[in-house]
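Novice: okay, structure incoming, though there's no sequence with it:
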């Protein structure tokens, strides 16, 4: 018998095939094949095609938002929003987000101002925003994290009071609601991601939502959409078209969203109940929302209480074919080019640093089954129980 | 009998269905279905997947170039090249090109310097470049037009002599050769378009070619390619990934390229022979190359000699379901935002203005048959012969 029955020490891994973090919902071959045949027969592959138009209409209905503007990916969506809003100067955003949030600002010629986060929710700490505002700050980019939200209503009040513009990176928040209002309806615009790892996958893709007609017209002209609406004047365009192939998968997954959300919610709840009571291991609940997509299962490790570091635990899980990840790591403020260009933030975000050092993602989504979650939780329990012996064997 | 048997005056159109300008080559359903099934079964949709890697290798072999870096579309490719080359200041390019050439510079924070073109070849007039160079000019973006080339060797000599960087928008020039060297091997980098209207279609897409290892590494990190090569430090990334679905179609069309080139060459040659001798109508031959893809059939109308204006002729053709286009029109220097931001070019490019006012595209590619070309040519001959009467009926 190998020690603790751990793959790291010679046992057979918990899973035969790698179990990824990320949703990877995909419709049946029959539906996919039928949609592909339709695209093939119409010989219309991108640029405001029939499936693209239908996907936009369905998204508008689903989210109860006036304009859903599909794009090739969410990074391009954020670039387009910043450009269409004609922002100039600095934009406040958290450093605890995917690097594309900040990179999009950079392509739009804007400078990031990094705000620290709340230790419990991992969302941007709104109470810190006031101290970051100066004459060059023109906008706030809220980031709705982990299927939760960064209090868009409170952000709206701050923005109004201080004369700032407001938009959201809602890559994690498709289908999420605050009371009866869907994420997608806050600020001047919100951007969803439809990457394959997201709950609504178009294999890759994204969507900009806004209730502002003029902003929508500018966004459609930046995208661009020949043959669509009447073009309006914009300073520059980008090719950010979503293809018919992407829209086809998006449509099917939108139809299936209730089932996918339900599956995620059940898996998330199982993680919570199975991991309850393990010292130093906390599953972070989506915060500030009435309805979540449970797209992620972020878990925070307190090394002193758990007995092993987050990094050691991630490595042990990977040996078991559980592709757990440090996420996000490092914080954007410590990465290239931001640490060099804006050194003032490097040591200014203690909560961001703390969560970057302790957070890991557990698998959730279509490829994960309840029994798998139970096995992962059992593994984590054993890791905690044998932590001192494991540490010794790892030589740490 | 309706006058001249023209659809504009009540006759049945020449074609029952619209005949587009643009290649629209697409593999058979059987091949497309098989490729789609493979993608579906692997559940790997983008991000450096197996088809993507194969497509890049095949392109490298085909073009005899060290690095072919596939991207979601050519506009993103040009943005990435400008960024990876770390250009600052102004870049010389022609205004007679698709607007994305200039827009890509804008996203990369660069200012365009518009150079006039040659009246016969429509390529950038290299003799005018010297007068445009000042201390702020850092680079030349050559544009290889109409399946021809803008003399990349001469441009290379100018760039070297004047200490300028050099790259190419080769959206029109896939498969084109100068002597035995494929376009894709000139300057520091070249960008191809694989849009559906191009001879090598990936339904949408593009590819950056370079023989510079360091530039290639930076480009791959900007794209980005998780799981691919070792990342290098770049100032910003963009999501410009080509999907497996795109790569699959690209691979099939690359295999079929010889047949597609041959079809285009035959249609082009037919246009030339059938239209020969019609006064005021000149088909523009791809210039400066030893082998062309004949991706376009650009034709220039001399109104005085032909008897009808280019715009009237385009409208008459469209009535016949021949979706001819004014292309490019207007020149970028007269469009938004360039005319306002850089008024110095508005009246400075007489040859560009002349070609913008007289050039139209005739259909060529997969949806066009020889008999169709003959009918279009016959129509054009009749349009010339009856020009005075047609003018009267049009009220012009």
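Specialist: Nice, I can see it. If you're wondering where the values come from, they're calculated on a predicted model, not measured in any experiment.
Novice: output the below-cut-off pLDDT ranges for chain A.
Specialist: Low-confidence segments of chain A, defined by pLDDT under 70, are located at A:1, A:225-229.
Novice: one more time with 50
Specialist: Of all residues in chain A, none has pLDDT under 50.
Novice: quick one, helices of the stretch 201-350 of chain A?
Specialist: For the stretch 201-350 of chain A, applying DSSP state H, counting those that start in this stretch gives helices covering A:213-222, A:244-255, A:257-275, A:303-306, A:310-319, A:338-341, A:350-356.
Novice: just the ones you listed: most buried one?
Specialist: Highest mean neighbour count of the helices of the stretch 201-350 of chain A: helix A:244-255, a mean of 24 (counted as mean count of other C-beta atoms under 10 Å in any protein chain shown). Every C-beta, even on glycine, is put in place using the N, C-alpha and C of the backbone.
Novice: out of the helices of the stretch 201-350 of chain A, nearest to chain B?
Specialist: Among these, the nearest to chain B by C-beta to the nearest C-beta is helix A:244-255 (5.0 Å).
Novice: residues contacting that closest one, please?
Specialist: Outside helix A:244-255, the residues that touch it by C-beta atoms under 8 Å, 6 or more residues apart in numbering or on different chains are A:25-27, A:31-32, A:35-36, A:38-39, A:42, A:44-46, A:49-52, A:54-55, A:58-59, A:62, A:70, A:72, A:194, A:200-205, A:242, A:260, B:203, B:243, B:245.
Novice: please redo it, this time with the cut-off set to 7 Å
Specialist: Applying C-beta atoms under 7 Å, 6 or more residues apart in numbering or on different chains, the contact partners of helix A:244-255 are A:25, A:27, A:31, A:35, A:39, A:44-46, A:49, A:51-52, A:54-55, A:58-59, A:62, A:70, A:194, A:200-205, B:245.
Novice: please pick the buried ones from the residues you listed.
Specialist: Buried by 16 or more other C-beta atoms under 10 Å in any protein chain shown: A:25, A:27, A:31, A:35, A:39, A:44-46, A:49, A:51-52, A:55, A:58-59, A:62, A:70, A:194, A:200-205, B:245, out of the contacts of helix A:244-255.
Novice: now, these that are in helices?
Specialist: In helices, judged by DSSP state H, the following of those are found: A:31, A:35, A:39, A:51-52, A:55, A:58-59, A:62, B:245.
Novice: with distance to residue B:310 as added columns, please give those in TSV.
Specialist: Converted to TSV, these look like this (distance: C-beta to C-beta, whole Å):
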residue	distance to residue B:310
A:31	47
A:35	41
A:39	35
A:51	36
A:52	32
A:55	38
A:58	42
A:59	41
A:62	47
B:245	38
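Novice: ok, these vs residue A:367, which is closest?
Specialist: residue A:31 (18.4 Å; C-beta to C-beta).
Novice: how about the closest one: what's its closest non-neighbour residue?
Specialist: Using C-beta to C-beta, 6 or more residues apart in numbering or on different chains and skipping the chain neighbours, the partner closest in space to residue A:31 is residue A:252 (5.5 Å).
Novice: and that neighbour, how far is that from residue A:206?
Specialist: Going from residue A:252 to residue A:206 by C-beta to C-beta, to the nearest Å gives 17 Å.
Novice: what's the closest of the helices of the stretch 201-350 of chain A to residue B:359?
Specialist: Closest of the helices of the stretch 201-350 of chain A to residue B:359 is helix A:213-222, at 24.7 Å (criterion: C-beta to C-beta).
Novice: how far is that closest one from where the chain is centred?
Specialist: Between the centre of helix A:213-222 and the centre of its chain there are 24 Å (C-alpha atoms, centre = their mean, to the nearest Å).
Novice: check stretch A:32-44 too.
Specialist: What separates the centre of stretch A:32-44 from the centre of its chain is 30 Å, taken as C-alpha atoms, centre = their mean.
Novice: so which bits of it are buried?
Specialist: Neighbour-count burial for stretch A:32-44, counted by 16+ other C-beta under 10 Å, picks out A:32, A:35-36, A:39-40, A:44.
Novice: one more: stretch A:131-139?
Specialist: Within stretch A:131-139, the residues scored as buried using 16+ other C-beta under 10 Å are A:133, A:137-139.
Novice: so which of the residues you listed are in helices?
Specialist: Counting by DSSP H, no part of those is found in helices.
Novice: and residue A:292, what does it touch?
Specialist: A:147-148, A:176, A:286.
Novice: how about a cut-off of 10 Å?
Specialist: Going by C-beta atoms under 10 Å, 6 or more residues apart in numbering or on different chains, residue A:292 touches A:146-149, A:172-173, A:175-177, A:199, A:261, A:264-265, A:268, A:285-286.
Novice: out of those, which are buried?
Specialist: The neighbour-count criterion (16+ other C-beta under 10 Å) marks A:146-149, A:172-173, A:175-177, A:199, A:261, A:264-265, A:268, A:285-286 among the contacts of residue A:292 as buried.
Novice: need phi/psi at the one residue sitting closest to the centre of chain A.
Specialist: Central residue of chain A (C-alpha atoms, centre = their mean): residue A:172, 3.1 Å from the mean position. Torsion angles at residue A:172 (phi, psi; degrees, to the nearest 10) stand at phi -90, psi 0.
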